[in-house]
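Asks: Got a predicted structure here, sequence first:
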Amino acid sequence: MMKKMPNLIAAFSFETKNQFLILKKVKIFSLTILSCLILGILNVNAQKLTLGAKGNFGASRVNSKKLKDAIGIIGSQEGYWNFYSESMFRLTGGIGGFAEYKASYNLFLGAELNFQHTNTKYYINKFFDDFDSLGTGKKQRVTSDLYIRYPSFNIPIYARFQFTEVKKYYAIGGLSLNINFNPKIIDKKTVVTDNYVGWNLENNDLEKSTDKAKADNFKNFGAQVFLGLGRNFGRYGRDVLVDIRYYFPLTKTQINTSDQAFLENSGNGSVFTKTGVEHINVTTGKNINDFRASYFTLNLAISLYKK
């Protein structure tokens with residue numbers, strides 16, 4: 001009897017016992033794609049091929065407009081004041097290699113294989129108070145620095161157009177296909193509580209904690225288009241390509257966890273739990289499924305082989 005093909009999405013759920021096998025399959029898949037591109041180029045013209053190494057450094061952000069809007073609605077409905085969220089760019093970087101074919105005098109076609117790290121930060125802030133008629137109660141502020149981090153294998157396929165022969169300025173653009181690993185969610189929580197008796201401040205408490213969980217509701221495949229400008233600083237037959245790029249997201253995903261301990265212990269990080277997302281959907285009518293990853297990178301590529 002023919003065996004059923006394994007569910008590729010489920011294969012990336014990052015169960016502990018399968019992590020090594022998953023990583024091996026991803027490497028084989030990515031290297032196969034790059035090998036096919038290289039072999040295709042070699043068959044077309046063995047005199048116009050360049051192979052090399054590259055790296056990048058920059059900033060990344062995984063943003064959800066629906067989450068920002070939903071938190072504002074919940075704050076109004078549940079009596080919180082100044083309940084808001086902001087997503088921020090954080091440092092990103094990657095290393096890999098490239099293969100490039102010179103299609104004409106100033107047009108180059110190529111592909112890269114990069115191991116990339118994506119990182120973003122959400123700052124979520126909430127104030128609320130609870131007093132009786134005699135002025136006994138508390139004011140509380142809960143702030144969370146929430147980090148979303150995950151590695152990926154990215155395969156940018158591009159066209160590079162060189163404007164000038166002497167200084168070799170160029171424009172580059174293309175499509176990046178990404179194989180993403182499940183994100184880690186980190187909630188660094190700070191709770192400040194002011195206790196009152198008869199409207200007079202008696203004391204205050206400060207509590208800090210860090211909670212972590214693995215997202216298990218997440219799409220492992222994504223795509224981006226990118227555009228950039230750069231220059232080839234190479235001399236004596238060796239290319240040294242430096243460019244800046246911006247990656248625009250084409251796909252979106254949910255990011256949340258079903259980890260019960262994270263739900264119970266984290267502060268504002270509950271918005272990244274399955275239960276929290278369901279509550280947001282019921283309360284506001286917004287399905288938080290629009291997380292999109294974008295990058296701004298400075299790239300350096302050096303040719304190692306030219307034929």
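Replies: Perfect, thanks for sending it.

Asks: Would you indicate which residues of stretch 224-232 are buried?
Replies: Residues Q224, F226, G228, G230, R231, N232 are the ones in stretch 224-232 that count as buried (16 or more other C-beta atoms under 10 Å). Backbone N, C-alpha and C define where each C-beta goes, glycine included.

Asks: would CSV of these with pLDDT be doable?
Replies: As requested, the buried residues of stretch 224-232 are exported to CSV (pLDDT from 0 to 100):
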residue, pLDDT
Q224, 97
F226, 98
G228, 97
G230, 97
R231, 95
N232, 94
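
Asks: Cross those residues against strands and list the overlap.
Replies: Q224, F226, G228, G230, R231, N232 (DSSP state E).

Asks: Show me which of those residues is closest to G267.
Replies: Nearest to G267, judged by C-beta to C-beta, of these is Q224 at 31.5 Å.

Asks: roughly how far apart are the closest one and E207?
Replies: To E207, Q224 is 39 Å away according to C-beta to C-beta, to the nearest Å.

Asks: I71 looks like it's in a strand, true?
Replies: No - read with DSSP: H, G, I helix; E, B strand; the rest coil, I71 is helix and lies in no strand.

Asks: so what's it closest to, chain neighbours aside?
Replies: S85 (4.9 Å; C-beta to C-beta, 6 or more residues apart in numbering).

Asks: That neighbour is in contact with L67, isn't it?
Replies: Yes - S85 is within contact range of L67, at 6.2 Å (criterion: C-beta atoms under 8 Å).

Asks: More neighbours: which of those two?
Replies: A direct count of neighbours by other C-beta atoms under 10 Å for S85 and L67 places L67 higher, at 23 against 20.

Asks: in what helix or strand does that one lie?
Replies: If you go by DSSP states H and E, L67 is part of helix 65-77.

Asks: chain center to that helix, what's the gap?
Replies: Computed by C-alpha atoms, centre = their mean, to the nearest Å, the chain-centroid distance of helix 65-77 equals 22 Å.

Asks: Quick check: buried residues in it?
Replies: So for helix 65-77, counting by 16+ other C-beta under 10 Å, buried means K66, L67, K68, A70, I71, I74, G75.

Asks: what's the closest of these to T257?
Replies: Nearest to T257 among those, counting by C-beta to C-beta, is L67 at 14.7 Å.

Asks: excluding its backbone neighbours, what's nearest the closest one?
Replies: Per C-beta to C-beta, 6+ apart, closest to L67 is I288, 5.1 Å.

Asks: No more questions from me, cheers.
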